[in-house]
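> Using only what follows, build the 3D model:
(chains A and B)
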Amino acid sequence: MIFQKPSSEIALEKNTEKEPMNTSQSSVDDSVDTIVGPSVNVEGDFASAGNIIVKGTVSGSVSTSKHLLAEEGSKIMANIQAGSATISGIVKGNVKVKDTLIITSTAKILGDIKVKTLQVDAGAVVQGKIIMSMPSELTEKSTSGRSSFKRKEKKV
Amino acid sequence: MYVYLYDNFLSNKKFDAIIKSMEVCLTDYGIAGKILRLNNFIDVKPIIDDEIKRGATTIVIVGNDKTFGNVLSRSATCKVTFGFLPVGPDNTISDVLGIPINLESCDVLSRRLRERLDVGWVNNRYFVSQLHVYPSKIEVDYDEKFRVKSENELEIVVCNLQPFFWKTDKKDRNQVQVNPKDGKLEAFLRPAKKKKWFGKYVYEQASVFPFEEMIIRSDKAFEIEADGKKTKEKKIKIKLAPSRIDVIVGRERKF
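Numbers count the residues shown, from 1 in each chain, chains lettered A, B, ... in the order given. Coordinates of the predicted model:
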């Protein structure tokens, strides 16, 4: 029995093992974040498709479609464009964030901020204009309210 | 037709048993082929070109990370499928490719699951696993967009296949896995300061920049090591050659 030839059933069983469809690619995000170390200076248009972590100095411009994390002790002398951001260092320049901007207690921002959602911790310093975009529902309501008011006026 | 390139170190007696069992396994699978033994001074490219002319469809590298790097750095332009049978110590690339070490690797080779992988290009030659720039006073331009400088000397490791691992720093013990199919190379860069005593380097926290093109320049010549080959340069241009090599990989690959 030991030296029996493998039957067709056994062979089929072996073949039924299916190839996994690259499960690692979907479950684990292995994209490497861009990290600017503490004693590194970056000059120029600093752009990345992934997350950016700044611990050192950046001058020029910074842009990412994902998250920007400026750690305590970091210096960004640049205009910032990001999907979302957390700032704990010094920023000299305008900040434009699509979604949420978190300004922690150690942060100093000298420039205008344009953001959708803003969170500012006690102790943070912000010198500049803050423009927050209104949610679309609110803007629609406000415009419809005005028009109804005008109509009422006409009736009177 | 399969052609097997055996590294020089496999002629050591302690590898006899494993090599024999692998050869038996390959014969059982019906993929046994011509065996060529590499010496340290052989240029692999003309050998592979000859074998392709004779009808070779798959070149199988038998050895460790160094063998894999040495062969592919010279023959990345060859239009042939590459296989890898990792044997013995110093095998980290096999883990990324999902190929088990020693006998089990024959099973992966027989399945012929293929992937096209990116390769790095530096000053007219390719590198597959890793490029190392030793600490020196350098400036780095990324993708012609931004420049990275430091007051101290900089050490750079550009990774493609080989996992990133700073061996001397206790803080950075975590391995960073890089994806050889993501269309980017990853540069790990850390400032290094020389200690007065014994001339040892003290390293600072590393920076990480994914990139497609990078120029490293300096006033003085600096030492680089690409896939185990050391040279001295004043200016190097590192580029990405996307989907350049066709490699047989395993199911458990890390990308």
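> distance between the longest strand seen in chain B and the chain's centre?
Ranked by residue count, the top strand of chain B under DSSP state E comes out as strand B:229-248. Offset of strand B:229-248 from its chain centre (Cα atoms, centre = their mean, to the nearest Å): 10 Å.
> How about that strand and chain A, any contact?
No: on the criterion Cβ under 8 Å from any Cβ of the partner chain, strand B:229-248 is out of touch with chain A, staying 13.7 Å away. In short, each C-beta sits where N, CA and C put it, glycine included.
> and that strand, C-alpha only, in CSV?
Provided in CSV are the C-alpha atoms of strand B:229-248 (Å, rounded to 0.1, in the frame of the first residue of the first chain):
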residue,chain,number,x,y,z
LYS,B,229,30.1,45.9,-5.8
LYS,B,230,32.0,48.9,-4.3
THR,B,231,33.1,52.0,-6.3
LYS,B,232,34.0,55.6,-5.7
GLU,B,233,32.0,58.4,-7.4
LYS,B,234,31.6,62.2,-7.3
LYS,B,235,28.1,62.2,-8.8
ILE,B,236,25.6,59.4,-9.2
LYS,B,237,22.2,59.3,-10.8
ILE,B,238,19.8,56.7,-9.5
LYS,B,239,16.7,55.9,-11.5
LEU,B,240,13.9,53.4,-11.5
ALA,B,241,13.5,51.0,-14.3
PRO,B,242,9.9,49.8,-13.9
SER,B,243,8.8,46.2,-14.5
ARG,B,244,12.3,45.3,-15.9
ILE,B,245,12.8,41.7,-14.8
ASP,B,246,10.5,38.7,-15.0
VAL,B,247,10.9,36.6,-11.9
ILE,B,248,9.3,33.4,-10.6
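> can you pull the buried residues of that strand?
B:233, B:236, B:238, B:239, B:240, B:241, B:244, B:245, B:247, B:248 (16 or more other Cβ atoms under 10 Å in any protein chain shown).
> Repeat that for stretch B:40-58.
Buried-residue list, stretch B:40-58, by 16+ other Cβ under 10 Å: B:44, B:47, B:48, B:51, B:52, B:56, B:58.
> Now that stretch - C-alpha only, PDB.
In PDB, the C-alpha atoms belonging to stretch B:40-58 read as follows (Å, rounded to 0.1, in the frame of the first residue of the first chain):
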ATOM      1  CA  ASN B  40      33.900  35.400  -8.800                       C
ATOM      2  CA  PHE B  41      35.500  36.900 -11.900                       C
ATOM      3  CA  ILE B  42      32.900  35.700 -14.500                       C
ATOM      4  CA  ASP B  43      30.700  38.200 -16.300                       C
ATOM      5  CA  VAL B  44      27.300  36.500 -16.400                       C
ATOM      6  CA  LYS B  45      25.700  38.600 -19.200                       C
ATOM      7  CA  PRO B  46      27.500  37.000 -22.200                       C
ATOM      8  CA  ILE B  47      26.900  33.500 -20.700                       C
ATOM      9  CA  ILE B  48      23.200  34.200 -20.300                       C
ATOM     10  CA  ASP B  49      23.000  35.700 -23.800                       C
ATOM     11  CA  ASP B  50      24.600  32.500 -25.200                       C
ATOM     12  CA  GLU B  51      22.200  30.300 -23.400                       C
ATOM     13  CA  ILE B  52      19.200  32.300 -24.600                       C
ATOM     14  CA  LYS B  53      20.500  31.800 -28.200                       C
ATOM     15  CA  ARG B  54      20.700  28.100 -27.500                       C
ATOM     16  CA  GLY B  55      17.000  28.100 -26.400                       C
ATOM     17  CA  ALA B  56      17.100  28.800 -22.700                       C
ATOM     18  CA  THR B  57      13.700  30.100 -21.500                       C
ATOM     19  CA  THR B  58      14.400  30.200 -17.700                       C
END
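> Chain A contacts on chain B?
Residues of chain B lying near chain A (Cβ under 8 Å from any Cβ): B:113, B:145-152, B:176-179, B:182, B:186, B:189-191, B:204-210, B:251, B:253-255.
> residue ranges with poor pLDDT in the chain?
Using chain A here. Along chain A, the parts satisfying pLDDT under 70 run over A:1-32, A:135-156.
> was after chain B, sorry
B:163-179, B:195-199.
> all helices for it, in order.
Per DSSP state H, chain B has helices spanning B:16-29, B:44-53, B:65-75, B:93-97, B:105-111. These are given in chain order.
> Over to chain A?
Counting by DSSP H, the helices of chain A are A:8-15, A:23-27, A:136-155.
> nearest to residue A:67, of the buried residues of strand B:229-248?
Using Cβ to Cβ, residue B:240 comes nearest to residue A:67 of the buried residues of strand B:229-248, at 24.6 Å.
> and the gap between that closest one and residue B:117?
11 Å (Cβ to Cβ, to the nearest Å).
> how far away is the residue in chain A positioned nearest to chain B from residue A:92?
Nearest residue of chain A to chain B (Cβ to the nearest Cβ) works out as residue A:44 at 3.2 Å. Distance of residue A:44 to residue A:92, computed by Cβ to Cβ: 16 Å.
> Which one's more surrounded, these two?
residue A:44 (18 against 15; other Cβ atoms under 10 Å in any protein chain shown).
> how close does the more buried one get to residue A:61?
Noted for residue A:44: a distance of 8 Å to residue A:61, by Cβ to Cβ.
> Could you do residue A:87 as well?
16 Å.
> more crowded one of the two?
Neighbour tally, residue A:87 and residue A:61, criterion other Cβ under 10 Å: the higher count belongs to residue A:87, 29 against 19.
> residues contacting that one?
Contacts for residue A:87 (Cβ atoms under 8 Å, 6 or more residues apart in numbering or on different chains) come out as A:68, A:70, A:95, A:101, A:102, A:103, A:104, A:107, A:109.
> let's see it at 7 Å
Residue A:87 sits next to A:70, A:103, A:104, A:107, A:109 when contact means Cβ atoms under 7 Å, 6 or more residues apart in numbering or on different chains.
> just residue B:148 next, same as before
Contacts of residue B:148 were listed using Cβ under 7 Å, 6+ apart, and they are A:40, A:42, B:140, B:142, B:189.
> Tell me which two of those sit farthest apart.
The distance between the two most remote of the contacts of residue B:148 (Cβ to Cβ) is 12.0 Å, for A:40 and B:142.
> Those two - which one has more neighbours?
Taking other Cβ under 10 Å, residue A:40 and residue B:142 do not tie; residue A:40 has more neighbours (27 against 21).
> Spit out the contact partners of residue B:34.
B:3, B:4 are the contacts of residue B:34 under Cβ under 7 Å, 6+ apart.
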